[in-house]
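A.B. asks: Structural data only, the sequence is not supplied:
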DNA sequence: TATGAATGAGCATTCATTCAT
DNA sequence: TATGAATGAATGCTCATTCAT
């Protein structure tokens, strides 16, 4: 079902655990982690509130599993989408298209993953922050490659990298919205926007 | 004391009320509305937990006052910063510079204002959403003006407007971060990024 | 305005104090002492919640003033209505008529006076219980007189006394109710009922 | 365990629920519903304050269960005690004896049932008021039967019915009191009093 | 007297979690 | 695994009362 590796020590592959994660994502995205009760998550699955505990030791562990899985999947997908031997422009288009599409398709999960990390334990936060840095690094390497070979005109590699990632991340906040309701529309527009930010010829 | 108008029926100008809003902004930004307790807000001011209630009828009303004031201030500041009789490029630079700087300077308030609106009553949410639409409209008018006079090359007015606003909004999520710790640095970079997104000459 | 003496050390005759008692009676009768807030009483008079305190030291003192005044008025009225030199039958009719009419007319006050005494301090309770005993004693003396002169046929003086008082007291619970909405109708029926309970010829 | 039917959708038959009702009856009777805390009820059972909530959704629901059960039991017992094929006098004696004995024996529950209904939701109040009307109707039918066959001399069927019920209801207010401490003594006196109120020969 | 703000104690209720089954 | 009942610790909020004005 999934072609990428997700650390099974963190993210249980059992079916009940996966259903719990899915229900929790919806609830956390709608109301925030702090305002979501374990009973509400259980109610979405017509389970008792206690049924979560054989699968996750606490509500925070459930959030961690979601956040860890979410980041890991994004990272894997971006890596898979990156045509490393092509030109920086081609790579940037491919990666940003995948990223934006992902944030739109999985906007509920993305919201949790982007905005609810403050509720994690310091240790869990560090684990997730590591993956998050890897995502930024992936984009930065492309921007750097373009700056190096002159195909991009960037005043500031870090600023432009930050902006490109920022643009993609924020998709989960507003999508769906305005006339954008199809992830593919976003996936078409965003590579062009990234190219402009990078100051590439096209 | 304040140079812009904020609706005093919503946002009390009393000193105690203002201190409560400031303390709540910090707490909500750090932990989210749902995970913040009224006791925690009071503790930041060394007040009793009950002292909030003569000023705000509920925690939600406090959030509303913050969100309403925040949006209204942003809107007023953007309007004040917009040199309406200049070229679209000049206007875009000015407005985006102000917007980005604002989101950086007041990143705690901005986080509350951008990410905690789901906790509002439907009625309060609508009131805030109205102001939010006005902000987008202000940016869109500039993008449209540039598209109309040919100074911008936009494939899609709505998409580009959304992206520019999105870029500015997301500043509050990551700022301060990376090597960016001064709002003025952001205020210098972001107009250039917006100009690129708009496909303007300079 | 009133022709009977009420202890002014307990029941202030100031106008504001009297208005507070009247508002409190309504509130206590509707919701019970425990469920009534000082704010609710004040709200009925469009006063601030603090405005009660110059007049009554506490909510309990307000209840005491009401209960004391209520009992004292009842006692005075019954004494005034009792034609002590007439036959027991005539006296019983007169006293029960007055008692029943009173409980009907002032059913809100009577409810407070009859059912909310548990909230009084022990000392205050004792003061009110003394007046309450005087009311029963007044009725008992009439029943005893009728039993002594053979005009009443009572199996048990205490039981019949208790029943007559009980019947009158309970008026405040149900009045107005059924087709009884005029205190005078009650005042006509109840003397006949008391006469029957006393086993008098008529 | 119980020989009469009580609606189990309203009044849970679980043991813990029944113990809660019993403890709440004592507390409400002593202090009134409004002045009784959920903690006090729990403390009487040496339970935690939260232990009530799996059984009753709120303090008001607990009151409703008590009031509904109380009225239903009274109604069933009166019906069971009514020898419908005997003379009105015999029936009145039997029903009033049962009623008075009941109000004396269960005076705590009766107090709650008679005096605390104002705290019910309108909907719950209506449900209880329906049962209450059935009790009055039962007594009225006997009084009417006696008036119809000439065995009672009633000036006013409604008034006499009201008085008989009133006399019985009020038992819970004063019992135990005076020299009356045994429900059976009340059960002996009250039928005679009712007979007198009804103007019956015996 | 009267008030608005403040407070300590307390309220009904909910929470995440545990545990016996 | 899953559950219903239970619990200790909150949670948002209210209460009677006080106090400076």
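C.D. replies: Cool, got the structure. Since the model is a prediction, treat every value here as computed from it, not as a measurement.

A.B. asks: State the distance from the residue of chain A found nearest chain D to residue D:54.
C.D. replies: Relative to chain D, the nearest point of chain A is residue A:49 (11.4 Å; Cβ to the nearest Cβ). C-beta: built from backbone N, CA, C; applies to glycine. Going from residue A:49 to residue D:54 by Cβ to Cβ, to the nearest Å gives 11 Å.

A.B. asks: Who has more neighbours out of these two?
C.D. replies: residue A:49 (13 against 10; other Cβ atoms under 10 Å in any protein chain shown).

A.B. asks: show me what contacts the residue nearest to residue A:196 when sequence neighbours are not counted?
C.D. replies: With Cβ to Cβ, 6 or more residues apart in numbering or on different chains as the criterion, residue A:196 has its nearest non-adjacent residue at 4.7 Å, and that residue is residue B:196. If you count contacts by Cβ atoms under 8 Å, 6 or more residues apart in numbering or on different chains, residue B:196 has them with A:196-197, A:199.

A.B. asks: Can you give me the pLDDT of residue B:196?
C.D. replies: We have a pLDDT of 98 for residue B:196.

A.B. asks: cool, and the one 5 residues further on?
C.D. replies: Note on residue B:201: pLDDT of 77.

A.B. asks: for chain A, what's the longest helix?
C.D. replies: Ranked by residue count, the top helix of chain A under DSSP state H comes out as helix A:122-148.

A.B. asks: That one and DNA strand E in contact?
C.D. replies: No. Judged by Cβ under 7 Å from any atom of the strand, helix A:122-148 stays clear of DNA strand E, getting no closer than 12.8 Å.

A.B. asks: buried ones in that helix?
C.D. replies: By neighbour count with 16 or more other Cβ atoms under 10 Å in any protein chain shown, helix A:122-148 contains the buried residues A:124-125, A:127-128, A:131-132, A:135-136, A:138-147.

A.B. asks: now do stretch A:177-195
C.D. replies: Neighbour-count burial for stretch A:177-195 flags A:180, A:183, A:185-195 (criterion: 16+ other Cβ under 10 Å).

A.B. asks: Let me see the mean pLDDT of stretch A:92-103.
C.D. replies: Mean pLDDT, computed over stretch A:92-103, is 98.

A.B. asks: ok but residue A:78 is inside a helix, no?
C.D. replies: Yes. The assignment for residue A:78 by DSSP: H, G, I helix; E, B strand; the rest coil puts it in a helix.

A.B. asks: Of the contacts of residue B:196, which belong to helices?
C.D. replies: If you go by DSSP H, those have A:196-197 in helices.

A.B. asks: now, which of the contacts of residue B:196 sits nearest residue A:155?
C.D. replies: Closest approach between the contacts of residue B:196 and residue A:155, by Cβ to Cβ: residue A:199, at 8.0 Å.

A.B. asks: coming back round to it: among the buried residues of helix A:122-148, which ones lie close to chain D?
C.D. replies: The subset of the buried residues of helix A:122-148 within reach of chain D, by Cβ under 8 Å from any Cβ of the partner chain, is empty.

A.B. asks: hey, what's residue A:177 bridged with?
C.D. replies: Taking DSSP bridges as the rule, residue A:177 bridges to residue A:180.

A.B. asks: thinking again about what came up before, name the nearest of the contacts of residue B:196 relative to chain B.
C.D. replies: residue A:196 (4.7 Å).

A.B. asks: quick revisit: quick check: the residue of chain A closest to chain D vs residue A:103, distance?
C.D. replies: Counting by Cβ to Cβ, the gap from residue A:49 to residue A:103 is 31 Å.

A.B. asks: show me what contacts residue A:59?
C.D. replies: Counting by Cβ under 8 Å, 6+ apart, residue A:59 touches A:33, A:38, A:52.

A.B. asks: and if you look at residue A:180?
C.D. replies: Shown in contact with residue A:180 (Cβ under 8 Å, 6+ apart): A:104, A:186, B:159, B:162.

A.B. asks: again, 10 Å this time
C.D. replies: By Cβ atoms under 10 Å, 6 or more residues apart in numbering or on different chains, residue A:180 lies in contact with A:104, A:171, A:174, A:186, A:189, B:156, B:158-159, B:162.

A.B. asks: Also residue A:99?
C.D. replies: Shown in contact with residue A:99 (Cβ under 10 Å, 6+ apart): A:74, A:77-78, A:81, A:135, A:138-139, A:164-165, A:167-169, A:171, A:186-187, A:190-191, A:194.

A.B. asks: do residue A:189 as well
C.D. replies: Counting by Cβ under 10 Å, 6+ apart, residue A:189 makes contact with A:96-97, A:100, A:180, B:155-156, B:158-160, B:162-163.

A.B. asks: And the residues you listed, which of them are buried?
C.D. replies: Neighbour counting by 16+ other Cβ under 10 Å classes A:96-97, A:100, A:180, B:156, B:158-160, B:162-163 among the contacts of residue A:189 as buried.

A.B. asks: That concludes my questions; thank you for your assistance.
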